[in-house]
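Trainee: Fold the following for me, if possible:
(one chain, ligands or ions: 2)
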Amino acid sequence: MNTPTFHECYNILRNSMYCVSDIQVPHIQGNSNRVFIVKTPNDDYVCKFNEIQNLNKDMAVNQLYHKYGINMPNLQLKSAAGYLFEFYKFIPARTMFEHLSTGISTQNIQKIYANLIAQFIKMSNISKKEIIQICASHKNIIHIGHKDNDVSLSDFLTDGIYHCDMTPKNIILNDAGEFVSLIDHAKISFVDKHYAFSRMALPYHKMGFDIEDLINAHNNNADKQLKADKIYTTLNKMCQQDEFVLPKFIHINTR
Ligand SMILES: Nc1ncnc2c1ncn2[C@@H]1O[C@H](COP(=O)(O)OP(=O)(O)OP(=O)(O)O)[C@@H](O)[C@H]1O
Ligand SMILES: [Mg+2]
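Mentor: Ligands and ions are numbered 1, 2, ... in the order given. The predicted structure follows:
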């Protein structure tokens, strides 16, 4: 079955869940436009509609990431009116994208990126056996740009299961501007880690920080080193694509 339209999603949630007091869309929308925040008297939940292959991949990756201590919400799969959606507790906090619009300190940004590096290193720790298993069961995890499109050809020296969208819209911070969790499983892929790292570094670079700090922080803490020249080349290409990863106006407090 295909993904329902925006209005179908709304009606499905309204009719299928017990004690719904309100259904909202996030203040800052992502790409899918199929994410809803369902409010109930006890808790608020995020419901994200998607195609079955993507949902199955997201569930598998969610379990794997939790096993390695990576901060992501606990996903469940729910069905209603013949449609499936991801379901998890809403984290009562804002995204880094929203914090950047209203004001955040340099010190906080640096701490957030130290946390992201720690998450990234945990992704690098996923075993070769588990990578092969998840790729065999969920072919759609293999990044479309992967050079071989065939996991058996990988030497696994730099390929792994990485979150390729560690950008401000997918980073949840508490009121003090501290890292709480990553969200959004859509772009978690079997991919070269230099690509995933560059995606993470792009907003940091666009905010005017030196990505050499990020590369050093990674290489001082990880078993396997990143090649700085490969990061710079990939990042340069990404800069030319002019992707929208930051709010139009950002407020960074340098004191
Ligand atoms: N647990 C949460 N707490 C706070 N806000 C959330 C939470 N989950 C989602 N959101 C909000 O919903 C937005 C969209 O969610 P998400 O990133 O999962 O989907 P998306 O970017 O639309 O999807 P895709 O990348 O698959 O196209 C987020 O950018 C964020 O603003
Ligand atoms: Mg998103």
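
Trainee: shouldn't Asn253 be in contact with Ile104?
Mentor: Yes: counting by C-beta atoms under 8 Å, Asn253 does reach Ile104; the two are 6.8 Å apart. To be clear about C-beta, it is placed using only N, CA and C from the backbone, and glycine gets the same treatment.

Trainee: What parts of the stretch 51-200 of the chain come near ligand 1?
Mentor: By C-beta under 6 Å from any ligand atom, the residues of the stretch 51-200 of the chain that approach ligand 1 are 73, 90-91, 95, 169-170, 172, 183-184, 186.

Trainee: again, only using 8 Å
Mentor: Taking C-beta under 8 Å from any ligand atom as the measure of proximity, the stretch 51-200 of the chain contacts ligand 1 at 54, 73, 88-95, 97-98, 165, 169-170, 172, 181, 183-187.

Trainee: Which residue lies closest in space to Ile121, excluding its sequence neighbours?
Mentor: Using C-beta to C-beta, 6 or more residues apart in numbering and skipping the chain neighbours, the partner closest in space to Ile121 is Ala222 (4.9 Å).

Trainee: Check the gap between the one you found and ligand 1 for me.
Mentor: The spacing between Ala222 and ligand 1, counted by C-beta to the nearest ligand atom, to the nearest Å, is 26 Å.

Trainee: That residue contacts Gln119, doesn't it?
Mentor: No: contact criterion C-beta under 8 Å: Ala222 and Gln119 do not qualify, at 11.9 Å.

Trainee: Name the residues that touch the host helix or strand of Ala196?
Mentor: In this assignment (DSSP states H and E), Ala196 forms part of helix 193-206. For helix 193-206, contacts defined as C-beta atoms under 8 Å, 6 or more residues apart in numbering pick out 109, 113, 116, 120, 123-124, 143, 145, 158-160, 162-168, 189, 211, 214, 218, 226-227, 230-231, 234-235, 238-239, 243, 245-246.

Trainee: and ligand 2, which of the residues you listed contact it?
Mentor: Applying C-beta under 5 Å from the ion to those, one finds that nothing falls near ligand 2.

Trainee: mind listing which of those are in strands?
Mentor: Among those, the subset assigned to strands under DSSP state E consists of 159-160, 162-163, 189.

Trainee: okay, among those residues, which ones form the most distant pair?
Mentor: Distance extremes for the ones in strands among the contacts of helix 193-206: the farthest pair is Asp159 and His163 at 14.4 Å, using C-beta to C-beta.

Trainee: Would you mind telling me which of the two has the busier surroundings?
Mentor: His163 (27 against 24; other C-beta atoms under 10 Å).

Trainee: and the closest residue to that one other than its chain neighbours, what does it touch?
Mentor: Counting by C-beta to C-beta, 6+ apart, His163 lies nearest to Ile188, which is 5.1 Å off, once chain neighbours are set aside. Counting by C-beta under 8 Å, 6+ apart, Ile188 touches 57-58, 61, 65, 141, 161-164.

Trainee: What distance do you get for Ile188 to Met59?
Mentor: 11 Å (C-beta to C-beta, to the nearest Å).

Trainee: one step back: do the helix holding Ala196 and ligand 2 meet at all?
Mentor: No: Helix 193-206 stays clear of ligand 2 (C-beta under 5 Å from the ion), getting no nearer than 12.5 Å.

Trainee: Convert the C-alpha atoms of that helix to CSV, please.
Mentor: This file holds the C-alpha atoms of helix 193-206, laid out as CSV (Å, rounded to 0.1, in the frame of the first residue of the first chain):
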residue,chain,number,x,y,z
LYS,A,193,32.0,7.3,6.5
HIS,A,194,33.8,10.3,4.9
TYR,A,195,30.5,11.1,3.1
ALA,A,196,28.4,10.8,6.4
PHE,A,197,31.0,12.8,8.3
SER,A,198,31.0,15.6,5.7
ARG,A,199,27.2,15.8,5.9
MET,A,200,27.5,16.3,9.6
ALA,A,201,30.4,18.8,9.2
LEU,A,202,28.6,20.9,6.6
PRO,A,203,26.4,23.1,8.9
TYR,A,204,29.4,23.5,11.3
HIS,A,205,31.5,24.8,8.4
LYS,A,206,28.6,27.0,7.2
